[in-house]
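> Show me the folded form of this:
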Amino acid sequence: MKVIIDTNIVVSAAIADKNPEVVILFVIANSDFEWVVSAEIIAEYKAIRLG
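The predicted model follows:
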């Protein structure tokens with residue numbers, strides 16, 4: 001299964017439990033998922049992280 005972790009998911013995870021890394025690490029660790037990401041999504045992740 002291919003998974004796209006949209007920036008909104010990362011932000012929602014951060015608001016919900018202050019630990020968005022758990023969502024990302026779950027996808028990375030689970031061999032049933034293939035994380036699909038674009039340069040634009042990486043740029044959004046960086047923009048949010050840097051605030």
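> quick one: pLDDT of residue 43?
On pLDDT, residue 43 comes in at 91.
> That one - how many residues pack around it?
Look at residue 43: counted by other Cβ atoms under 10 Å, it has 11 neighbours. In this view, the C-beta of every residue, glycine as well, is placed from N, C-alpha and C.
> That one should be in a helix, yeah?
Yes: counting by DSSP: H, G, I helix; E, B strand; the rest coil, residue 43 falls inside a helix.
> helix or strand for the closest residue to residue 20 other than its chain neighbours, which one?
In space, and not counting its chain neighbours, residue 20 is closest to residue 13: 3.9 Å by Cβ to Cβ, 6 or more residues apart in numbering. Assigned by DSSP states H and E, residue 13 belongs to helix 7-17.
> List the buried residues in that helix.
For helix 7-17, burial by neighbour count (16 or more other Cβ atoms under 10 Å) applies to 10, 13.
> Now do that helix: distance to the chain's middle.
Centroid separation between helix 7-17 and its chain, computed with Cα atoms, centre = their mean, to the nearest Å, is 9 Å.
> Give me the contacts around it.
Taking contacts as Cβ atoms under 8 Å, 6 or more residues apart in numbering, the residues outside helix 7-17 that touch it are 19-20, 22-24, 41, 44-45, 48.
> Verify the contact between residue 34 and residue 2 for me.
Yes: counting by Cβ atoms under 8 Å, residue 34 touches residue 2, with 4.9 Å between them.
> Those two: which is more packed in?
Neighbour count, other Cβ under 10 Å: between residue 34 and residue 2, residue 34 has more, with 11 against 7.
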